[in-house]
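Asks: following is a predicted model, sequence given first.
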Amino acid sequence: MLAPERSVTLLEVLEPPDGYQLDVAVGTSYTLDLQALLALPTAFALHHTPTRDAARADTTPLELLEALRAHAGAITVFTDAGHIKLPPTAGAGVFGFLEESVVPVTAPGGGAFHPKVWAIRFVDDDGAFLHRLLVASRNLTFDRSWDTMVRLDEDADGEDLPGVTDLLDGLLTLGDTSGQLTPHRREAVQDLTRSLTSARFAPPEGFTSLRLHTLGLPEATERWPFPADSRRSLVVSPFLSASAMERLRRETRQLTVVSRVDELDHAYATITTAHPIAYEVNPNLVDPDEGAAELSGLHAKVFVFDTPGSTTHVFTGSANATTAAFSRNVEVTLELTGPTRGVGVNRWLDESSPSLRSILMPHTWGTPPDG
């Protein structure tokens, strides 16, 4: 997680483990491209066939359509009501499979419904469940920006994940308020919530504990999940606001910021204190996979805090370093805790080993454009 790996797709991380198939999946997205959503049940339907060759040679179009319909029925996506991209008119009939899959909602605080998280349950032939959680900065679109995603797989020797059932309960409340959640979908989300209660998850390498923070949902009182004091901190965010950055500066002794060029200059235009160490993503980088499309633009959201006592708290998910994220929006961020020597700010910015620093270049402070 400390170093950029090869580009992966949502389809890859959603793929069922050997011997399992999709049972139920609940996702969230701020912007939603229905063509990208349709790719998910299609991929599950193809995965369900014995082999790709078998799908081509032995499976009839009607059987594939039935598999597509069944898998679409297992997927529910809660999304911001104002940011759904409709499909083109041509060939739009197949999108009818998604009619009940999409649940448009609004943020109770008047901001954006902004989380990007997936809770998935797989089932094997004996009826045994296996859970997976994805916490990401990527929306359900075909965007090719630099994003983050943490995949947590259920593991009997893993850790409890406080906050995960609170998220699903909150989504149910929003779905009921919108009137767009059908009884069948509600029952599926409730059943997933029940089975997740006892699930344990393996933390990523280097970390020892996990916690999911949901901001802005009904009954949620938390708004600022970060430590009140840190020795050093790193903020990676494509969008910044002056007030949020000032608060972060006050609560740490040394701040480093990674953002977009224009956002850095705009946010610090009115801040009279010394500007922090700042970086931007090297615009000349491409995906290291041969033949892959170029990645462009920063969309990752990561907050790293080295606290007294040699413990580091890493937060990653949907929240930008803005006032709206921590006052009006619905956001989800995963907190990962581990020893500073292994996952602290120094490791993220280490130039002598693979790290986030390998895709960055120093920012040269300039004057923000008018407006």
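Replies: Structure received.

Asks: okay, CA-based contacts and neighbour counts for the rest of this
Replies: OK.

Asks: could you pull up phi and psi at residue 147?
Replies: Torsion angles at residue 147 (phi, psi; degrees, to the nearest 10) stand at phi -130, psi 170.

Asks: from residue 316, how far off is it?
Replies: Counting by Cα to Cα, to the nearest Å, the separation of residue 147 from residue 316 is 10 Å.

Asks: and the two? which has more neighbours close in?
Replies: Shown here are residue 147 and residue 316; by other Cα atoms under 10 Å, residue 316 has more neighbours (24 against 20).

Asks: show me what contacts that one?
Replies: Counting by Cα atoms under 8 Å, 6 or more residues apart in numbering, residue 316 touches 135, 136, 137, 148, 301, 302, 303, 333, 334, 335.

Asks: now secondary structure and pLDDT too, for those, in TSV please.
Replies: Output for these, formatted as TSV (DSSP: H, G, I helix; E, B strand; the rest coil; pLDDT from 0 to 100):
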residue	secondary structure	pLDDT
135	strand	97
136	strand	95
137	coil	96
148	coil	94
301	coil	98
302	strand	98
303	strand	98
333	strand	97
334	strand	98
335	strand	98
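
Asks: any quick PyMOL command for the buried ones out of those residues?
Replies: A single PyMOL command is used to select the members of the contacts of residue 316 judged buried by 16 or more other Cα atoms under 10 Å:
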select buried, resi 135+136+137+148+301+302+303+333+334+335
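
Asks: follow-up on the earlier one: list residues touching both of residue 147 and residue 316?
Replies: With Cα under 8 Å, 6+ apart, residue 147 and residue 316 have common neighbours 136, 137, 301.

Asks: next, the closest residue to residue 101 other than its chain neighbours: secondary structure please.
Replies: Leaving out its chain neighbours, the residue that sits closest to residue 101 by Cα to Cα, 6 or more residues apart in numbering is residue 76, at 4.5 Å. Using DSSP: H, G, I helix; E, B strand; the rest coil, the structure places residue 76 in strand.

Asks: can you name the residues bridging to residue 76?
Replies: residue 26 (DSSP bridges).

Asks: number of nearby residues for it?
Replies: Residue 76, neighbours per other Cα under 10 Å, totals 23.

Asks: in the stretch 1-150 of the chain, which spans are helices?
Replies: In the stretch 1-150 of the chain, the helices defined using DSSP state H, counting those that start in this stretch lie at 10-14, 34-47, 52-57, 61-72.

Asks: least reliable of the ones you listed going by mean pLDDT?
Replies: Among these, helix 52-57 carries the lowest mean pLDDT, at a mean of 44.

Asks: contact partners for the closest residue to residue 321 other than its chain neighbours?
Replies: Leaving aside its chain neighbours, residue 321 sits nearest to residue 240 (5.0 Å; criterion: Cα to Cα, 6+ apart). Listed by Cα under 8 Å, 6+ apart, the contact partners of residue 240 are 259, 263, 264, 267, 320, 321, 322.

Asks: ok, the contacts of residue 316 vs residue 272, which is closest?
Replies: Residue 272 has its nearest neighbour among the contacts of residue 316 in residue 303, at 23.0 Å by Cα to Cα.

Asks: hmm, the closest one is touching residue 318, no?
Replies: No. Using Cα atoms under 8 Å, residue 303 is not in contact with residue 318, being 11.1 Å away.

Asks: picking up where we left off before, so the residue nearest to residue 101 sits against residue 185, correct?
Replies: Yes. Counting by Cα under 8 Å, residue 76 does reach residue 185; the two are 7.1 Å apart.

Asks: spit out the residues that contact these two alike.
Replies: With contacts taken as Cα under 8 Å, 6+ apart, the residues that reach both residue 76 and residue 185 are residue 100.

Asks: any stretches of the stretch 251-371 of the chain with poor pLDDT?
Replies: The model of the stretch 251-371 of the chain has pLDDT under 70 over residues 286-296, 367-371.

Asks: try it again at 50.
Replies: Across the stretch 251-371 of the chain, residues meeting the criterion (pLDDT under 50) sit at 290-291, 293, 369, 371.

Asks: helices of that one, residue ranges please.
Replies: In the stretch 251-371 of the chain, the helices defined using DSSP H, counting those that start in this stretch lie at 261-267, 340-343, 345-348.

Asks: contacts for stretch 156-164?
Replies: So stretch 156-164 is in contact with 196, 198-203, 209-214, going by Cα under 8 Å, 6+ apart.

Asks: and stretch 81-90, by the same measure?
Replies: Contacts with stretch 81-90, where a contact means Cα under 8 Å, 6+ apart, come from 30, 31, 32, 33, 34, 35, 95, 104, 105, 106.

Asks: okay if I get those residues as TSV plus neighbour count?
Replies: Shown next, in TSV, are those (neighbours: other Cα atoms under 10 Å):
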residue	neighbour count
30	25
31	21
32	25
33	18
34	18
35	17
95	16
104	23
105	24
106	21
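
Asks: thinking again about what came up before, for the residue nearest to residue 101, what are its contacts?
Replies: Per Cα under 8 Å, 6+ apart, neighbours of residue 76: 25, 26, 27, 100, 101, 102, 103, 185.

Asks: OK, contacts around the nearest residue to residue 121 once chain neighbours are set aside?
Replies: Nearest residue to residue 121 in three dimensions, chain neighbours excluded: residue 131, at 4.5 Å (Cα to Cα, 6+ apart). Residue 131 sits next to 119, 120, 121, 122, 153, 154, 196, 199 when contact means Cα under 8 Å, 6+ apart.

Asks: can you flag the buried ones in these?
Replies: Neighbour counting over the contacts of residue 131 (16+ other Cα under 10 Å) leaves 119, 120, 121, 122, 153, 154, 196, 199 as the buried ones.

Asks: what separation is there between the residue nearest to residue 321 and residue 247?
Replies: Using Cα to Cα, residue 240 is found at 12 Å from residue 247.

Asks: hmm, back to that, can you pick out the most distant pair from the contacts of residue 131?
Replies: Using Cα to Cα, the two most remote members of those are 122 and 199, lying 12.6 Å apart.
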